[in-house]
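Participant: I'll drop the sequence and a predicted model, then ask my questions.
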Amino acid sequence: MRPIFAPSSPSRAAIAARRHALVAGAAAALLAAAAPAALAQQPAAGAYPVKPITIVVGYPAGGSTDLMGRLVGTELANRLGQPVVIENLGGAGGAIGAQKVASAAPDGYTLLVGASNEIAINKLVTKKVKYDVKDFTAIGLVGTQPMVLVASPGAGVKNAAEFVQKVSANPGKFSYGSSGVGTALHLTGEMVKEQGKLFMTHIPYRGVAPLTNDLLGNNLEFGVFVLSSGLPHIKSGKVVALGTTEAKRSAITPDIPALAESPQFKNVDINIWFALMAPAKLPAPVYDKLKKALNETLQSPEFRKKMEAAGSVVSSPTVDADKYIAAEVAKYQKIVQFAKIEE
């Protein structure tokens, strides 16, 4: 069964407001009865939402994007006064879910909580993806989370400087792993290679679990994790954190250096970001209501706590999502060209 987030119980003031709305609605219905039948069936302007909203997540339940979807879904249900249903459509790196939203009616009842991979990267690395960024309306960014470059215990390095020294002295000898070709983790590894002028072999895994097993078993020297996935193994001492991948240290893990603090990686700045998206050509009144609800969510201290517990930093409501995503696409395009990634 798909999870449904229902609005919280209304206050007395809210109940009174609803009574007034019902009276107004009844009056509107009487006026509509005098109009042509086709016109009478039209919903009143600004009535959105009048039925449950579906948030599509392009991954199975339990992952970081799914968690973002559930957190956002709960908030939207409370702020818009309608239930929010989470629909998990896993497959093709999130592309199946994203395609469904891109093809949906632009009425605000089918939304996407997606990550950088399915929104911006997939189109750059495979011709199988038929949608593009222009097929969405960006309601806003939800949050960001850095990746982290790690070393297995057997790699014998403890920081970024030792990593560069060892890999540079042995070009082609070492490998790094990611959760698959064309993922944000893969692109992060390639950015590290480009900036550090390093020669390493990329080993793509089918997800984080087998990547983790090989790192912990010393069958792989280096790997790239999303911070929240790698943090438990870093804290337990099973892998060594060499650096996070945003320009500055993460507020979640201020004790882990940013790779950009090392001269070789001063331009490394890449992360996973999450956004609330709707189909293109979303009507302005619907966009305004969703944008208002999301902005209120981003300013909620309780939401911020939940996001930080999940390893993510909440985005600012002032961020221009369209400009941000366009800049990210340009960044990814350069990495894809450097690594010659194409499926």
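Facilitator: Cool, the structure landed.
Participant: where's stretch 300-307 relative to the chain centroid, distance-wise?
Facilitator: Relative to its parent chain, stretch 300-307 has a centroid offset of 16 Å by Cα atoms, centre = their mean, to the nearest Å.
Participant: do stretch 175-187 as well
Facilitator: For stretch 175-187, the distance to the chain centre is 17 Å (Cα atoms, centre = their mean).
Participant: where does this structure have its least confident helix or strand?
Facilitator: Every helix and strand in the chain was compared by mean pLDDT, DSSP states H and E; the lowest is helix 37-40, with a mean of 36.
Participant: now the element after that one, going C-ward?
Facilitator: Following helix 37-40 in sequence order, the next helix or strand is strand 53-57 (DSSP states H and E).
Participant: that next one pairs with which strands, and in what direction?
Facilitator: strand 84-88 (parallel), strand 110-115 (parallel) (DSSP bridges).
Participant: mean confidence score for the shortest one?
Facilitator: Rounded to a whole number, the mean pLDDT of strand 84-88 is 97.
Participant: among the strands paired with strand 53-57, which is the most enclosed?
Facilitator: Each of the strands paired with strand 53-57 was assessed for mean neighbour count using mean count of other Cβ atoms under 10 Å. The highest is strand 110-115, with a mean of 26. All C-beta spots, glycine's among them, are computed from the backbone N, C-alpha and C.
Participant: okay, now the domains of this structure?
Facilitator: 4-143+272-339, 146-271 (automatic domain parsing).
Participant: and among those domains, the most buried is which?
Facilitator: Highest mean neighbour count among the domains of the chain (mean count of other Cβ under 10 Å): domain 146-271, with a mean of 19.
Participant: measure it end to end?
Facilitator: Domain 146-271 stretches 4 Å from its first residue to its last (Cα to Cα, to the nearest Å).
Participant: likewise stretch 172-190?
Facilitator: 14 Å.
Participant: one more: stretch 88-108?
Facilitator: 18 Å.
Participant: related to what we said a few turns ago, distance to D132 for the strands paired with strand 53-57 - can I get that in CSV?
Facilitator: Below are the strands paired with strand 53-57 laid out as CSV (distance: least, Cβ to Cβ, whole Å):
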stretch, distance to D132
strand 84-88, 22
strand 110-115, 13
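Participant: and the domains of the chain, which one averages the lowest pLDDT?
Facilitator: Here the domains of the chain differ in mean pLDDT, and the lowest is domain 4-143+272-339 at a mean of 85.
Participant: so the nearest residue to S315 once chain neighbours are set aside, which of the three states?
Facilitator: Nearest residue to S315, sequence neighbours excluded (Cβ to Cβ, 6 or more residues apart in numbering): L141, at 3.8 Å. Here L141 is recorded as strand under DSSP: H, G, I helix; E, B strand; the rest coil.
Participant: surely L141 and K323 touch.
Facilitator: No. Using Cβ atoms under 8 Å, L141 is not in contact with K323; the gap is 10.7 Å.
Participant: all helices of the protein, in order?
Facilitator: With DSSP state H, the ranges of helices along the chain come out as 12-33, 37-40, 64-80, 95-103, 116, 122-125, 160-169, 184-196, 208-216, 227-235, 284-298, 301-309, 321-339.
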